[in-house]
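Engineer: A structural model of the following input is requested.
(one chain, ligands or ions: 1)
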Amino acid sequence: MHELSVCMELIDQVEAIARSHEAERVDTIVLRIGSLSGVEPGLLESAFEMARLGTVAEHASLRTERIEPRIRCRACGSEADAGPSDLRCPACSGTDTVLIAGDEMILARVELLQAVE
Ligand SMILES: [Zn+2]
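Structural biologist: Purely as a prediction, here's the structure:
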């Protein structure tokens, strides 16, 4: 399952962040997921339920936000939002476009709980 390995990597990152801040545990993880990233938010959330067990993120809640695809046209230089299956330039109808957002997954925020002295 692709989402589970994505989650394992995510938790590795979160654990490193928690360690560097000497946090007791992780409260909230906010992820931004591109709609063309191939990661299905619903599957990711259920994989997270499994992957977090026994880690510092065991009681953390996971929130996901969606990133819509955006393209830049190499022919005319304009940037535009793109549909999921149409990456043509809306300004000149050119097909020589590059995806500049929408295929990434970003760890946007990690909220930590510090140990109380
Ligand atoms: Zn164009």
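
Engineer: helices or strands up against whichever helix in the chain runs longest?
Structural biologist: Across the chain, the longest stretch assigned as helix under DSSP state H is helix 2-20. Helix 2-20 sits against strand 23-34, helix 41-51, strand 105-114, with contacts defined as 3 or more C-beta pairs under 8 Å, 6 or more residues apart in numbering; DSSP states H and E. Just so you know, the C-beta spots here come from the backbone N, C-alpha and C atoms, and that holds for glycine as well.

Engineer: what's the closest of the ones you listed to the ion?
Structural biologist: Among the helices and strands packed on helix 2-20, the nearest to the ion by C-beta to the ion is strand 23-34 (21.5 Å).

Engineer: helix, strand, or coil at residue 64?
Structural biologist: Look at residue 64: counting by DSSP: H, G, I helix; E, B strand; the rest coil, its state is strand.

Engineer: so how many other residues sit close to the nearest residue to it once chain neighbours are set aside?
Structural biologist: Distance criterion C-beta to C-beta, 6 or more residues apart in numbering; nearest residue to residue 64, sequence neighbours excluded, is residue 41 at 4.4 Å. Residue 41 has 16 neighbouring residues, counting by other C-beta atoms under 10 Å.

Engineer: beta-bridge partners for the residue nearest the centre of the chain, please?
Structural biologist: The centroid of the chain falls nearest to residue 105 when counting by C-alpha atoms, centre = their mean (2.9 Å). Bridge pairing for residue 105 (DSSP bridges) gives the partners residue 33.

Engineer: what's the pLDDT at it?
Structural biologist: Predicted confidence (pLDDT) for residue 105: 94.

Engineer: and the nearest residue to residue 112 once chain neighbours are set aside, what does it touch?
Structural biologist: In this structure, residue 112 finds its nearest non-sequential neighbour in residue 23, 3.6 Å apart by C-beta to C-beta, 6+ apart. Residue 23 is in contact with 17, 56, 112, 113, 114, 115, counting by C-beta atoms under 8 Å, 6 or more residues apart in numbering.

Engineer: just give me the neighbour total for the fourth one.
Structural biologist: As a burial measure, the neighbour count of residue 113 was computed by other C-beta under 10 Å and equals 15.
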